[in-house]
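# could you work out the structure for the sequence below:
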Amino acid sequence: MGTSATCGSTPQSTTVTINPKPDAGADQTICAGNTVTLTGSPTAGTSWTMYSFNPTGVTLSNTVNGIATASFPNTASGTYNFVFSAGCTDTMSVVVNPLPSVGVISSSNNLGNALNLDGINDYIITPNLYSSFATSDLTIELWFKANAAGVIAAELGTTTLNSGWYDSQIEILSTGEVLVRVWNLSSVSLGTVAFGSWNHVVIRYASNTSKLDGLLNGVASSNSVTGVRSTSTSYGFGYYYSFGATTATNLGSGAYFNGIIDEIRIWNVVRTNIQIQANMNTELIGNEAGLVLYYNLNQGTANATNTSITSITDKTANAYNGTINNIALSGTTSNFVTGANNNLTYVGGLITLSSSTTGGVWSSGTSGIATINSSGVISGVAVGNSTITYSVTTVSGCSSSVTSIVTVNPKPNG
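So this is what the prediction gives:
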């Protein structure tokens with residue numbers, strides 16, 4: 001006969017805590033360069049973290065009451081995943097759409113290459129121009145972008161600097177003031193410019209009125225001086241011009257010019273304000289009446305090795321090719337570089353802006369000074385400056401823009 005037994009047992013228990021599933025919130029879609037607020041629930045004892053395989057560039061702030069901020073740079077693009085932890089976890093995603101690229105704004109006032117001078121010993125000098133001047137009438141104009149005070153243009157009696165006859169005729173001072181002078185008259189102030197900016201300068205002398213004046217960025221000087229001009233040829237010297245060379249007889253520092261020059265034009269006639277304003281932003285042909293010498297400086301390749309170039313080409317039939325002195329002709333200084341690309345116009349004048357990126361929208365910050373149409377054509381309305389904006393928007397609604405300042409000068413008279 002068998003026997004049986006029963007096992008005694010002690011009841012066991014365990015506690016299972018079921019936490020509520022945290023909620024990381026809805027997924028979001030933004031444009032690069034923005035921030036998003038990550039809001040999770042519940043708020044206590046929580047944290048936000050990023051997936052390790054997220055694209056780079058995002059920063060995540062510390063979590064406070066279930067809320068964190070994620071910041072995305074302008075270069076961000078793609079899907080970023082974030083983990084919200086509150087005992088358990090939940091995830092959400094932020095889709096970042098890229099910003100469109102926008103090409104730089106270019107002006108119809110684009111004058112090709114220019115010449116950079118190092119301010120140490122670089123300069124160019126013309127041949128003897130004596131045979132092209134029957135009178136002492138003179139107009140010299142050029143574009144310049146100065147980095148420091150120095151001599152922009154000087155009259156010489158020989159090709160040797162500071163020998164025989166020499167006087168600076170266009171010079172910028174340390175204050176940015178631009179002075180012009182012919183010998184032996186007092187100087188005329190044309191105004192003040194900012195270093196590092198493109199500016200157009202004109203010196204003008206009329207022998208019939210013995211008047212010296214000039215223009216700066218298309219605006220005629222408010223003052224002038226009168227007197228009989230002495231030239232180097234009156235004393236048996238030749239008639240040369242240097243650009244960028246140091247000059248002992250000067251209006252300021254007399255230093256070598258440190259900066260860029262472009263579109264050098266020497267005339268044996270007195271150009272009117274209207275003629276100067278009409279042509280300062282465009283290249284010439286070279287056969288214009290009264291044009292003695294024209295260096296458009298469009299030689300070589302900007303910032304490349306141009307050491308095979310041995311002279312500055314005169315675009316007139318006079319072939320007054322300039323002599324290059326100490327200019328390295330390689331690299332980004334002491335060489336041919338990108339020339340003047342300016343946004344200057346006058347009241348009633350027109351210029352056209354463009355971008356390499358199509359499909360954008362133009363706008364003017366101050367339409368009372370300058371208006372711009374959908375094709376980028378600017379009309380000068382009143383004297384002053386206006387910020388022009390070109391904006392491009394993608395199908396996802398992301399926008400990028402570039403800006404440029406347009407200067408409207410008074411309408412020239414005479």
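# other SSEs contacting the helix or strand of the chain with the lowest mean pLDDT?
Every helix and strand in the chain was compared by mean pLDDT, DSSP states H and E; the lowest is strand 344-346, with a mean of 84. With contacts taken as 3 or more CB pairs under 8 Å, 6 or more residues apart in numbering; DSSP states H and E, strand 344-346 sits against strand 377-380, strand 399-409. The way it works is simple: take the backbone N, C-alpha and C, and place the C-beta from them, glycine included.
# residues of the shortest one that come out buried?
Residues of strand 377-380 classed as buried: 378-380 (neighbour count, 16 or more other CB atoms under 10 Å).
# OK, contacts around I140?
Each residue near I140 by CB atoms under 8 Å, 6 or more residues apart in numbering is listed here: 153, 169-170, 202-203, 241, 264-267.
# among these, which are in strands?
153, 169-170, 202-203, 241, 264-267 (DSSP state E).
# redo these as a markdown table? Include neighbour count.
Output for those, formatted as a markdown table (neighbours: other CB atoms under 10 Å):
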| residue | neighbour count |
| --- | --- |
| A153 | 25 |
| Q169 | 26 |
| I170 | 25 |
| V202 | 27 |
| I203 | 25 |
| Y241 | 23 |
| I264 | 26 |
| R265 | 24 |
| I266 | 25 |
| W267 | 24 |
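# which of those residues sits closest to I285?
Distance ranking of those against I285, using CB to CB, places R265 first at 11.8 Å.
# for the protein, what spans make up the helices?
In the chain, the helices defined using DSSP state H lie at 273-279.
# can you list the domains in it?
28-97, 110-338, 344-409 (automatic domain parsing).
# one step back: any idea which of the contacts of I140 is closest to S108?
The closest of those, once distances to S108 are taken by CB to CB, is R265, at 19.1 Å.
# just say which of the domains of the chain is most tucked in.
Most buried of these, by mean neighbour count (mean count of other CB atoms under 10 Å): domain 110-338, with a mean of 19.
# now it: average pLDDT?
Averaged over domain 110-338, pLDDT sits at 96.
# now that domain, how far from the centre of its chain.
Here domain 110-338 is found 22 Å from its chain centre; the criterion is CA atoms, centre = their mean, to the nearest Å.
# need the contact list for A76.
Contacts of A76 (CB under 8 Å, 6+ apart): 32-33, 55, 57-58, 96, 98.
# format these as CSV; extra columns: distance to T323.
Formatted as CSV, the contacts of A76 follow (distance: CB to CB, whole Å):
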residue, distance to T323
A32, 53
G33, 52
P55, 57
G57, 53
V58, 58
V96, 58
P98, 52
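# could you tell me which of those belong to strands?
Using DSSP E, the subset of the contacts of A76 located in strands is V96.
# measure A340 to V377 for me?
Here the criterion is CB to CB, to the nearest Å. By it, A340 lies 20 Å from V377.
# could you do T310 as well?
In terms of CB to CB, T310 sits 41 Å off from V377.
# same thing with V383?
Distance from V383 to V377, by CB to CB: 19 Å.
# same check, this time on V94
41 Å.
# one more: T14?
Distance from T14 to V377, by CB to CB: 81 Å.
# cool, and R181?
Distance, R181 to V377, using CB to CB: 39 Å.
# now swap in T91 and tell me
52 Å.
# format the buried residues of strand 377-380 as TSV; extra columns: pLDDT and distance to T135.
Formatted as TSV, the buried residues of strand 377-380 follow (pLDDT from 0 to 100; distance: CB to CB, whole Å):
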residue	pLDDT	distance to T135
I378	95	39
S379	95	39
G380	93	35
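# could I get the domains of the chain as CSV with distance to V104?
CSV is the format used below for the domains of the chain (distance: least, CB to CB, whole Å):
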stretch, distance to V104
domain 28-97, 16
domain 110-338, 11
domain 344-409, 6
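# residues contacting A340?
109-111, 114, 143, 145, 198, 200, 262-263.
# quick one, what contacts T69?
35-38, 60-61 are the contacts of T69 under CB under 8 Å, 6+ apart.
# of all the residues you listed, which comes closest to N258?
Using CB to CB, the contacts of T69 come closest to N258 at T35, 43.8 Å.
# measure the closest one to T333 for me?
Using CB to CB, T35 is found at 41 Å from T333.
# before we move on, what about V94?
Remark: distance between V94 and T333 (CB to CB) = 46 Å.
# check N385 too.
With CB to CB as the criterion, N385 and T333 are 29 Å apart.
# same question, S131
35 Å.
# got it, and N303?
Going from N303 to T333 by CB to CB gives 9 Å.
# now do the same for the residue nearest to T43 when sequence neighbours are not counted: its pLDDT.
Nearest residue to T43, sequence neighbours excluded (CB to CB, 6 or more residues apart in numbering): G66, at 3.8 Å. With respect to pLDDT, G66 has a value of 91.
# what pairs with N110 across the strands?
As for beta bridges, N110 partners with N341 under DSSP bridges.
# my guess is it contacts T338. True?
No. Contact criterion CB atoms under 8 Å: N110 and T338 do not qualify, at 9.2 Å.
# return the residues in contact with the residue nearest to G286 when sequence neighbours are not counted.
Nearest residue to G286, sequence neighbours excluded (CB to CB, 6+ apart): K315, at 3.7 Å. Going by CB under 8 Å, 6+ apart, K315 touches 284-286, 294-296.
# pretty sure S221 sits against V188.
Yes. Taking contacts as CB under 8 Å, S221 lies within contact range of V188: 5.6 Å.
# now the common contact residues for the two.
With CB under 8 Å, 6+ apart, S221 and V188 have common neighbours 213-214.
# please tell me how far N74 sits from N34.
9 Å.
# also K315?
K315 is 52 Å from N34, by CB to CB.
# and G176, by the same measure?
40 Å.
# got it, and A206?
61 Å.
# show me where the stretch 151-300 of the chain has strands.
166-172, 177-180, 188-192, 198-206, 211-216, 219-220, 225-226, 240-243, 258-267, 291-295 (DSSP state E, counting those that start in this stretch).
# of all those, which one is nearest A86?
Of all the strands of the stretch 151-300 of the chain, strand 198-206 sits nearest to A86, with 60.4 Å by CB to CB.
# who's in contact with that closest one?
Taking CB under 8 Å, 6+ apart as the rule, strand 198-206 contacts 136-146, 152-153, 169-170, 178, 180, 182, 190, 193, 211-218, 229, 270-271, 276, 280, 340-342, 344.
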